[in-house]
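Novice: generate a structure from the sequence data that follows.
(chains A, B, C and D)
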Number of protein chains: 4
Amino acid sequence: MTSVNKCKAVTIGNVSIGGPNFVVIAGPCSIESEDILREIAGGIRGFGASILRGGIFKLRTSPDSFQGVGSDGLFVAKKIREELKMPIVCEITDPRQIGDMHDIVDAFQVGSRNMYNYSLLKELGTLKKPVMLKRGFSALIEEWVMAAQYITKGGNDNVILCERGIRSFDRVTRNTLDLASVAHIKQNYSYPVIVDPSHATGIRELVAPMSMAAAAAGADGLLIEVHPKPDQALSDGFQTLDFDQFSTLMNQLGPLLNHLKRPLWS
Amino acid sequence: MTSVNKCKAVTIGNVSIGGPNFVVIAGPCSIESEDILREIAGGIRGFGASILRGGIFKLRTSPDSFQGVGSDGLFVAKKIREELKMPIVCEITDPRQIGDMHDIVDAFQVGSRNMYNYSLLKELGTLKKPVMLKRGFSALIEEWVMAAQYITKGGNDNVILCERGIRSFDRVTRNTLDLASVAHIKQNYSYPVIVDPSHATGIRELVAPMSMAAAAAGADGLLIEVHPKPDQALSDGFQTLDFDQFSTLMNQLGPLLNHLKRPLWS
Amino acid sequence: MTSVNKCKAVTIGNVSIGGPNFVVIAGPCSIESEDILREIAGGIRGFGASILRGGIFKLRTSPDSFQGVGSDGLFVAKKIREELKMPIVCEITDPRQIGDMHDIVDAFQVGSRNMYNYSLLKELGTLKKPVMLKRGFSALIEEWVMAAQYITKGGNDNVILCERGIRSFDRVTRNTLDLASVAHIKQNYSYPVIVDPSHATGIRELVAPMSMAAAAAGADGLLIEVHPKPDQALSDGFQTLDFDQFSTLMNQLGPLLNHLKRPLWS
Amino acid sequence: MTSVNKCKAVTIGNVSIGGPNFVVIAGPCSIESEDILREIAGGIRGFGASILRGGIFKLRTSPDSFQGVGSDGLFVAKKIREELKMPIVCEITDPRQIGDMHDIVDAFQVGSRNMYNYSLLKELGTLKKPVMLKRGFSALIEEWVMAAQYITKGGNDNVILCERGIRSFDRVTRNTLDLASVAHIKQNYSYPVIVDPSHATGIRELVAPMSMAAAAAGADGLLIEVHPKPDQALSDGFQTLDFDQFSTLMNQLGPLLNHLKRPLWS
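Specialist: Here you go, the predicted structure:
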């Protein structure tokens, strides 16, 4: 299905994305406290995730919404990453955050709202740190690939693409997950591609079936929001899995990946 | 993944859709000649399809495009159906075609362009013949379900929904396959749902990965365009599989369906 | 602005659309009773409308919504049309309604949901009665023009196009009014084009500014929903003007049309 | 039509936007040389524009496309602005450009791709310099207004909104101009709103009818691309007017604005 041979794998920490194994990145939408992040990191690793995600600087539609814990989150991220020896991916929203973040995160995430922020992309292109580039929610596939080229043109080949749903007229799901874009990129480009079913659907119950579908469509991994108590999460709780739900998902996904000969990274 | 227990299976010919087995419907975009339809029907059955599809009255954007073979196609459809004892699904585009089609087809297909043709839907609701209702390419999920209710309200409960891609801004694929809509309907309604990856993508190479993804997302079946010589097909050849491609797809799909405990109908 | 010279005017009753004068068609979403239709027809004519509109067979998303008064409406339409000597446009939703409607209505309206109902369009192409063809709410301009060609190819050149908003991601307005499509068609085709700001916006307060904008963009006329008591209308009251609002609009529009040298038909 | 009374006017140089006069901002997509900018600035002022626009740092989809003249452009902008005593608006794409640009430009333009760049918006909120905030091409009206609040919340009330078309499925025009959004904002918020018909349509011939429509819909001004030789412009020539076309437009627009009692600023 997947033209795995064309893919150039990218390594985050010690984890290779786009190679023979499928990778699950999980964690909270926003980093809250050290205790909660430790609980989440330990939890998701136990179920098979190999990379931790967590937002420090949040991009929110309203200036009055919670904007992330900011630089305190960096300290928390650093501590848990070292304690659990688990690589971490955090979103960067401004080129001036590079200095503070560079030695703490294992990969930079560029969010959907910043896919067209070419100043940021150019700056990340001058580094060697991997970049996980989310598709703009209304970006043509061609624009998404060209955004990746803003990074690679600067000399940083470590780009992972992340499909997270596109904006459409429908109102049931938060976005419309475009899995054909994943298969198309796997067939025509060398970037690893992962899928974020949490943002793509915005509905907790749809995360599992879309994770299974993403694996079957040939994606290289998943990015999933998990929190021990989603209803108390500081952002996006409605689309976040609790440990039981994440465990159920991983118990379905593991055998599917074995069947597809794309076993989970461990 | 799929809440199979809520689904009310619908039987086309002797084939049950929405029950414990996964069903593949295949055939040409347009019925051409008796010889070609016989070749296709025999071919697809050999690879595991159990229902034949084929267009008689085509809906084309331009009045100058090929409009289908019309009533001659009915004779061809009848002959091959009886000869091979294989159920057939054909699209209906006008309530006045019911008389001629009723005793020949095993199910009526209502195409994407006619999802809002409530006159047609009401008429089909007075029959018992199954109706495969494609989603309008810009229909809200709610509108699609309500269109199905135009049929069931009349007393015909035999409705199968078919997701065939929605219109979005992207230009790589012909439409954007919305697999989350399939999972959503499986979780919330009792209609069987199948997926048409041929129209959804409009790209031959994407039919296989999207078929695998549809199965993993919990769909009850597939609708796939197959022709021995796609480049000579009278319509939609660019998205049509030849026998080799269909065989390769079925060889991947069968084991996946066994893994998912949703074996192919046979 | 408008290339009026390329336009082939179409006559409804005694009113020419696409010629030197701008035409306002107005009336209720649904025909209710004889008394209410008489009140509306008299009212709108007094403010400058020259053609009456009114739905008899309604297309509603849910089969449980009000479906129009049906054939009783034909009698009401006939009576008021003759009494006030005012041409009337009614929507047709099924080719089998032609017989009953033909001698009563002055033009057939094909609604947005039926733009792709090529069976209906072909049938209307065999008549001489004018057809007002609304744009499908997700139709490419090219598809809309080709739908018109399904009518003209049959020999009926009397086609008027009506832009009524397209479906987009935004949620403030019911649809997104695409006035550039109006200017594009005026520059490149010979069909008269009118605008329906009521359905395009779905917000009563936006009908007046969009009517002004449509006139300035070069449209040949407007289709506006008016009812003496919009909140009691059987459908779409939220986007319907009352007499005061319609009067205010016409008082702004008339001088603008004079300024644009495209005076209101009277 | 327009609720002018609710609008809080914003002053760029000596020109008030959102007050009793309509304002035309014009200029090249990209600043090229001093001679060309002088020619354009003098030309457009002669026809009635009162503010000059010109891109220095360009955002282009491909990293291989022309990226603007960069800091040389600042020198050119400064020189022409002082020489002609004409206010100038330039796009800012990175918060680190503020230092260089602040004393040269009369207003910052935030482009469609940066509407969600909240780091940039927050920074601009700490200044007093006016900001012209273009709508993201897939931004909900609510998201656009909240993006403006990222600026005003910081203390900078000088925000002008600019509608420049949204991304839709249609392919004739580059974007779909959403004039109802302009009327909606004028009725519900106090921001001045201008319209960019050049980017909204991407078609030179549609700039004039959409300018007229924008004025009639109640917009406070226009942003138009003009170049003496559009076919030689370094970017976006296909949607750029030459002097003759701009002159023709202004000759139609002026009398319309007088009719609307919203005369052109002069």
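Novice: show me where chain A has its strands.
Specialist: With DSSP state E as the criterion, chain A has strands at A:10-12, A:15-17, A:23-27, A:51-53, A:88-91, A:107-110, A:131-134, A:159-163, A:193-195, A:221-225.
Novice: to chain B, which of those strands lies closest?
Specialist: Set against chain B and scored by Cβ to the nearest Cβ, the strands of chain A come closest in strand A:193-195, at 10.3 Å. (Each C-beta comes from the backbone N, C-alpha and C, glycine too.)
Novice: just checking: what are the partner strands of the closest one?
Specialist: Take DSSP bridges as the rule and strand A:193-195 pairs in its sheet with strand A:159-163 (parallel), strand A:221-225 (parallel).
Novice: mean confidence score for the last one?
Specialist: Spelled out, that is strand A:221-225. Strand A:221-225 carries an average pLDDT of 98.
Novice: give the buried residues for it.
Specialist: Of all the residues in strand A:221-225, those buried under the rule 16 or more other Cβ atoms under 10 Å in any protein chain shown are A:Gly221, A:Leu222, A:Leu223, A:Ile224, A:Glu225.
Novice: quickly list what the first one is bridged to.
Specialist: Under the criterion DSSP bridges, A:Gly221 forms beta bridges with A:Val23, A:Ile194.
Novice: what about the nearest residue to A:Ile92 once chain neighbours are set aside, distance to A:His102?
Specialist: Leaving aside its sequence neighbours, A:Ile92 sits nearest to A:Phe108 (Cβ to Cβ, 6 or more residues apart in numbering or on different chains; 4.6 Å). Look at A:Phe108 and A:His102: by Cβ to Cβ, to the nearest Å, they are 9 Å apart.
Novice: quick one: contacts for A:Ile80?
Specialist: The neighbours of A:Ile80, taking Cβ atoms under 8 Å, 6 or more residues apart in numbering or on different chains as the test, are A:Glu34, A:Leu37, A:Arg38, A:Ala41, A:Leu52, A:Met86, A:Ile88.
Novice: from the residues you listed, which ones fall inside helices?
Specialist: Those of those mapping onto helices are A:Glu34, A:Leu37, A:Arg38, A:Ala41, per DSSP state H.
Novice: may I see the PyMOL selection of the buried members of these?
Specialist: The command below creates a PyMOL selection of those among these that count as buried (16+ other Cβ under 10 Å):
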select buried, chain A and resi 34+37+41
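Novice: in chain A, where is pLDDT below threshold?
Specialist: Applying pLDDT under 70 to chain A picks out residues A:1-5.
Novice: A:Ala41 reaches A:Lys85, doesn't it?
Specialist: No - counting by Cβ atoms under 8 Å, A:Ala41 does not reach A:Lys85; the two are 10.2 Å apart.
Novice: before we move on, back to that, so the residue nearest to A:Ile92 bridges to which residues?
Specialist: Going by DSSP bridges, A:Phe108 forms beta bridges with A:Cys90, A:Val131.
Novice: quick one: contacts for it?
Specialist: By Cβ under 8 Å, 6+ apart, the neighbours of A:Phe108 are A:Val89, A:Cys90, A:Glu91, A:Ile92, A:Met101, A:Leu124, A:Lys129, A:Pro130, A:Val131, A:Met132.
Novice: please report phi then psi for the fourth one.
Specialist: In other words, A:Ile92. For A:Ile92, the backbone dihedrals (degrees, to the nearest 10) come out as phi -110, psi 140.
Novice: which residue, neighbours along the chain excluded, lies closest to A:Ile141?
Specialist: A:Ile141 sits nearest to B:Val172 (Cβ to Cβ, 6+ apart), 4.9 Å away.
Novice: okay, now that neighbour: neighbour count?
Specialist: Other residues near B:Val172 come to 18 when the count uses other Cβ atoms under 10 Å in any protein chain shown.
Novice: OK, contacts around it?
Specialist: So B:Val172 contacts A:Leu140, A:Ile141, A:Glu142, A:Ala180, A:Ser181, A:His184, B:Ile203 (Cβ under 8 Å, 6+ apart).
Novice: what's the local residue count around the residue in the stretch 151-266 of chain A positioned nearest to chain D?
Specialist: The nearest approach of the stretch 151-266 of chain A to chain D comes at A:Lys153, 4.8 Å away (Cβ to the nearest Cβ). For A:Lys153, the neighbour count with other Cβ under 10 Å is 15.
Novice: from A:Ser190, how far off is it?
Specialist: 15 Å.
Novice: for A:Pro192, give me phi and psi.
Specialist: phi -60, psi 150.
Novice: quick check: the nearest residue to it once chain neighbours are set aside vs chain B, distance?
Specialist: What sits nearest to A:Pro192 in space, not counting adjacent residues and going by Cβ to Cβ, 6+ apart, is A:Gly18, at 2.9 Å. The gap separating A:Gly18 from chain B is 16 Å, by Cβ to the nearest Cβ, to the nearest Å.
Novice: so A:Gly18 touches A:Thr11, yeah?
Specialist: No - A:Gly18 is beyond contact range of A:Thr11, at 9.3 Å (criterion: Cβ under 8 Å).
Novice: so those two - more neighbours on which side?
Specialist: Set A:Gly18 next to A:Thr11 and count neighbours by other Cβ under 10 Å: A:Gly18 wins out with 24 against 15.
Novice: on that earlier part again, so the residue of the stretch 151-266 of chain A closest to chain D touches A:Gly125, yeah?
Specialist: Yes - at 6.2 Å, A:Lys153 counts as touching A:Gly125 under the criterion of Cβ under 8 Å.
Novice: considering the ones in helices among the contacts of A:Ile80, which is situated nearest to chain C?
Specialist: Out of the ones in helices among the contacts of A:Ile80, the member with the shortest distance to chain C (by Cβ to the nearest Cβ) is A:Leu37, at 34.3 Å.
Novice: from chain B, how far out is the residue lying closest to the closest one once chain neighbours are set aside?
Specialist: Leaving aside its sequence neighbours, A:Leu37 sits nearest to A:Ile80 (Cβ to Cβ, 6+ apart; 4.9 Å). Separation of A:Ile80 from chain B (Cβ to the nearest Cβ) stands at 32 Å.
Novice: for A:Val226, same thing?
Specialist: Taking Cβ to the nearest Cβ, one finds A:Val226 at 18 Å from chain B.
Novice: now do the contacts for that residue.
Specialist: A:Ala26, A:Gly27, A:Pro28, A:Ile40, A:Gly43, A:Ile44, A:Ala49, A:Thr240, A:Leu241, A:Asp242, A:Phe243, A:Phe246.
Novice: identify the bridge partners of it.
Specialist: Under the criterion used here (DSSP bridges), A:Val226 is bridged to A:Leu241.
Novice: and the nearest residue to A:Glu32 once chain neighbours are set aside, how many neighbours does it have?
Specialist: Of all residues not flanking A:Glu32 in the chain, A:Leu234 sits nearest, at 5.7 Å (Cβ to Cβ, 6+ apart). Neighbour count for A:Leu234, taken as other Cβ under 10 Å: 18.
Novice: A:Met86 and A:Arg45 touch, don't they?
Specialist: Yes - A:Met86 is within contact range of A:Arg45, at 6.2 Å (criterion: Cβ under 8 Å).
Novice: the nearest residue to A:Trp144 once chain neighbours are set aside: neighbouring residues, count only.
Specialist: The spatial neighbour of A:Trp144 that comes closest, neighbours along the chain excluded (Cβ to Cβ, 6+ apart), is A:Arg135 at 4.7 Å. Under the neighbour criterion other Cβ under 10 Å, A:Arg135 is assigned a count of 28.
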